[in-house]
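Have a look at this fold, sequence not included:
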């Protein structure tokens, strides 16, 4: 029996979909069987980010409505053996499925996979409720902006109200140079407000933009810092202890970043 | 024209087909259906309905109509019972790919929009990625086709898809599915036509080379 993890944020555009694609790929690189589920019905993107859009025949709503079997809708990744995508429908909306149906679907997936990652839509309405229905763990993604942190705080409250306790935090798109100058919120401040455990920090990286547009998750790129960050997070999800390194070291940016993400000693 | 036009009931071998025409709101459609059935109650009692066709309706709205017909007028819905009889299918297949029912659409068909028509479809505009065009006959796009096109959706392998710029995410003709190659590939320079040859989708320019 696998584990279902919802990736959520409240605010849009902080990198939920990118995180889902990268963690899904990262976990499958480690040899696990992984299903990534796009719960953003009507505004699907995960298929595009993973470069699998042209393979979609059936989608999540078709499975829920019984138009096809679950296995027929699962799309095998083009690179990794154990990675599968369940795409969302684009021509329907969030009300096409209910939390009960999602719970059943997630349970079915958990029997087939080690990890089921659910890409939650932005917002706190039906789509959010559907996405979290079947999950037993949650990852909250935020960026170092007051608005994103505020929304993350709201989401953590809603998750707790739905019995999804102890969500983990991923801080995305951080720029160490700006943090050092005091122009960007630092990680301690965010953890102070949100009061949840930190799962990982992903730096702002051009490679993300390039890889997203190519439909190839950055986690597969060995020389990208963001890719390394995602690989570390994937390992932490599996229970491996990958250390964080103290941020307050003054050296040049590259070595500093490398220290943070555990590349240098 | 009379008000009855929102609803059209047709008999087929599988059962009754209820066509809902676009450009009516749901309240009017429901009213028309009730009116129509009220007038002919005894005729339709116990009748088998194969499907309700209407792109404008959401699933809930269709369900509501089905409920009205099953509970109030004692009709049966049989669309979920799958038919495996191939003979019935070929006979019911849309035959008008050379001359027949055609729907013209003007403007861009965007992501999330789905056109499903039992006939030929002509788009005077673009079809963007994430949009779906499903036609029982041919599909002609007088612009760029970047979304999903499914021609001959009820099984006609002679149907074709043509576009000024044919670069679909996925192309289906009858039950043959082709998809765009992964990574970079050569984009079309001329208008092209896709059709089935030896159970594969073939794409070729349809204008004579200059």
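Looks like it came in fine. Everything quoted here is computed from the prediction, not taken from an experiment.

make it CA atoms for all contacts and neighbour counts henceforth
Noted.

Any idea how many residues pack against residue A:163?
10 (other C-alpha atoms under 10 Å in any protein chain shown).

Pull up the gap between it and chain B, please.
30 Å (C-alpha to the nearest C-alpha, to the nearest Å).

Would you mind listing what in chain B touches chain A?
Taking C-alpha under 8 Å from any C-alpha of the partner chain as the criterion, the neighbours of chain A within chain B are B:111, B:112, B:113, B:114, B:130, B:131, B:169, B:170, B:179, B:180, B:182, B:183.

which residues does the nearest residue to the third one once chain neighbours are set aside contact?
Meaning residue B:113. Leaving aside its sequence neighbours, residue B:113 sits nearest to residue B:131 (C-alpha to C-alpha, 6 or more residues apart in numbering or on different chains; 5.1 Å). When contacts are counted by C-alpha atoms under 8 Å, 6 or more residues apart in numbering or on different chains, residue B:131 is found next to A:91, B:109, B:110, B:111, B:112, B:113, B:114, B:147, B:148.

What about those residues, which are in helices?
Using DSSP state H, no member of the contacts of residue B:131 sits in helices.

closest to residue A:65 among the residues you listed?
Using C-alpha to C-alpha, residue A:91 is the member of these that lies nearest residue A:65, at 14.2 Å.

who's in contact with that closest one?
Residue A:91 neighbours (C-alpha under 8 Å, 6+ apart): A:42, B:111, B:112, B:113, B:114, B:131.

so of the residues you listed, which ones are in strands?
Judged by DSSP state E, the contacts of residue A:91 include residue B:114 as members of strands.

can you pick the most crowded of the contacts of residue A:91?
That'd be residue B:131 among the contacts of residue A:91, by other C-alpha under 10 Å, with 23 neighbours.

Please report how far that one lies from residue B:24.
23 Å (C-alpha to C-alpha, to the nearest Å).

now do residue B:102
In terms of C-alpha to C-alpha, residue B:102 sits 20 Å off from residue B:24.

more neighbours, these two?
residue B:102 (18 against 15).

what's the nearest residue to the more buried one once chain neighbours are set aside sitting at in phi/psi?
Closest residue to residue B:102 apart from its sequence neighbours, by C-alpha to C-alpha, 6+ apart: residue B:120 at 4.4 Å. The phi/psi pair for residue B:120 (degrees, to the nearest 10) reads phi -80, psi 150.

Run a quick neighbour tally on residue B:120.
Neighbour number of residue B:120 under other C-alpha under 10 Å is 26.

so how far does stretch A:128-144 reach from one end to the other?
Taking C-alpha to C-alpha, stretch A:128-144 runs 22 Å from one end to the other.

How far off centre is stretch A:32-41?
Chain-centre distance of stretch A:32-41: 10 Å, with C-alpha atoms, centre = their mean, to the nearest Å.

wait, does that stretch contact chain B?
No. Using C-alpha under 8 Å from any C-alpha, stretch A:32-41 never reaches chain B; the gap is at least 9.8 Å.

returning to what we had before: of all the residues of chain B next to chain A, which comes closest to residue A:127?
Using C-alpha to C-alpha, the residues of chain B next to chain A come closest to residue A:127 at residue B:112, 16.4 Å.

my read: the closest one touches residue A:93, true?
No. Using C-alpha atoms under 8 Å, residue B:112 is not in contact with residue A:93; the gap is 9.4 Å.

joint contacts of the two?
residue A:42.

show me the contacts for the residue lying closest to residue A:106 once chain neighbours are set aside.
Leaving aside its sequence neighbours, residue A:106 sits nearest to residue A:134 (C-alpha to C-alpha, 6+ apart; 5.4 Å). Counting by C-alpha under 8 Å, 6+ apart, residue A:134 makes contact with A:4, A:99, A:102, A:103, A:104, A:105, A:106, A:107.

and the residues you listed, which are buried?
By neighbour count, with 16 or more other C-alpha atoms under 10 Å in any protein chain shown, these hold A:4, A:99, A:102, A:103, A:105, A:106, A:107 as buried.

so can I have CSV of the contacts of residue A:91 showing pLDDT and distance to residue A:33?
Output for the contacts of residue A:91, formatted as CSV (pLDDT from 0 to 100; distance: C-alpha to C-alpha, whole Å):
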residue, pLDDT, distance to residue A:33
A:42, 95, 27
B:111, 95, 31
B:112, 94, 30
B:113, 95, 33
B:114, 95, 33
B:131, 96, 31
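
pLDDT below threshold where in the chain?
Picked chain A for this. A:245-260, A:262-265 (pLDDT under 70).

my question was about chain B
B:1-5, B:13-14, B:79-91, B:209-210.

Kindly report the domain assignment for it.
Per automatic domain parsing, the domain ranges recorded for chain B read B:3-77, B:94-205.

What residues of stretch A:154-174 count as buried?
Those would be A:154-156, A:158-159, A:164-165, A:167-174, for stretch A:154-174 by 16+ other C-alpha under 10 Å.

actually stretch A:109-116, not the one I typed
In stretch A:109-116, counting by 16+ other C-alpha under 10 Å, buried: A:109, A:110, A:112, A:113, A:114, A:115, A:116.

Right, I'll leave it there.
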